[in-house]
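> got a sequence here, can you model it:
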Amino acid sequence: MIRKVFFTTFVLCLSLAASVAGDTSFDVTVYGNFKRMLHTGDASGKVALLSTSRLEGIYGVGALADLRGEILVWDGKVLVTPGESDTGSTRSATSEDQATLLVTARVKEWFEVQIPHDMTQREFERFVIDSADSARIDINRPFPFIVRGEITDYTWHVITGAVKRLDGGVQHRQGHANNLSFSGSKTAGKLIGFYSAEEFEGVISHPGERFHVHYADNHFSTSGHLDSFGLGEGAVLLLPKP
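Residues are numbered from 1 along each chain as shown. The predicted structure follows:
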């Protein structure tokens, strides 16, 4: 079951969002619409994040209202990376935080797929789709995934705020790259991402892309939107058990 809640402004209790029964072992819930946000300039909050609401098995990624930071939900824990952080450091979400875009899934059980060799980003994306298809996950619908292990040649960023364009839309304001864009050749960490499929391309991912992936270090002390990356041999892909 996929729930689309594009322009409803109300307080989200993640436990409520996850309680909707579906016909698969995981549910994907979407708040906001990336393409519509860019076109209309509306980056206002679509759903509030409550740090007091915790439910195991909820995973998600998103962006704060007015594009002032990143959101990561890991096993029910909601983390925010505010744009004013020069180090990309995270904090727990509060009742003041809202998302302009948020996609979550409830996963009862994951299964592991070993990554057999070093992979570029494009190779890995193909690997995710093929692995999901082999596992009888419907690749025509959005699904979440996780990666644990060595991340190579990576660049990730934290958005700092919405900037109006002349056509009325909005764009990311990246600020100084040394403050808000981070890169390296090799690190250990975790990735959480969503494959959008055709239906949700431009809704939960950038237009023209079908993957929306966030990075976190192993302690979840830093996190942000992953722009480019590779993966080292021995990393592990986790897919939801269908």
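> give me the contacts around stretch 209-224.
Identification of contacts with stretch 209-224 by Cβ atoms under 8 Å, 6 or more residues apart in numbering yields 61, 70, 72, 74, 77, 79, 81, 87-90, 103, 125, 128, 151, 154, 156-158, 182, 187-198, 201, 204-206, 225-226, 229. No exception for glycine: its C-beta is placed from N, CA and C like everyone else's.
> list the buried residues in the longest helix along the chain.
Ranked by residue count and defined by DSSP state H, the top helix of the chain is helix 121-134. Neighbour-count burial for helix 121-134, with 16 or more other Cβ atoms under 10 Å as criterion, is recorded at Q121, F124, E125, F127, V128, I129, S131, A132.
> mind putting those residues in CSV, pLDDT and distance to A65 included?
Converted to CSV, the buried residues of helix 121-134 look like this (pLDDT from 0 to 100; distance: Cβ to Cβ, whole Å):
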residue, pLDDT, distance to A65
Q121, 98, 29
F124, 98, 31
E125, 98, 29
F127, 98, 34
V128, 98, 29
I129, 98, 32
S131, 98, 35
A132, 98, 32
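> tell me which residue is most central in this structure.
Centroid-nearest residue in the chain: V61, 2.7 Å away (criterion: Cα atoms, centre = their mean).
> pretty sure that residue is touching L191, no?
No. With contact defined as Cβ atoms under 8 Å, V61 and L191 do not form a contacting pair (9.9 Å).
> in contact with T100, which residues are there?
Neighbours of T100 in contact, by Cβ under 8 Å, 6+ apart: 32, 37, 42-46, 62-67.
> counting only strands, which of those residues make the cut?
Of the positions in those, G62, A63, L64 sit in strands, assigned by DSSP state E.
> which one of these has the most neighbours?
Using other Cβ atoms under 10 Å as the neighbour test, the ones in strands among the contacts of T100 are led by G62, with 28 neighbours.
> how near is that one to F200?
Note on G62: its distance to F200, by Cβ to Cβ, to the nearest Å, is 13 Å.
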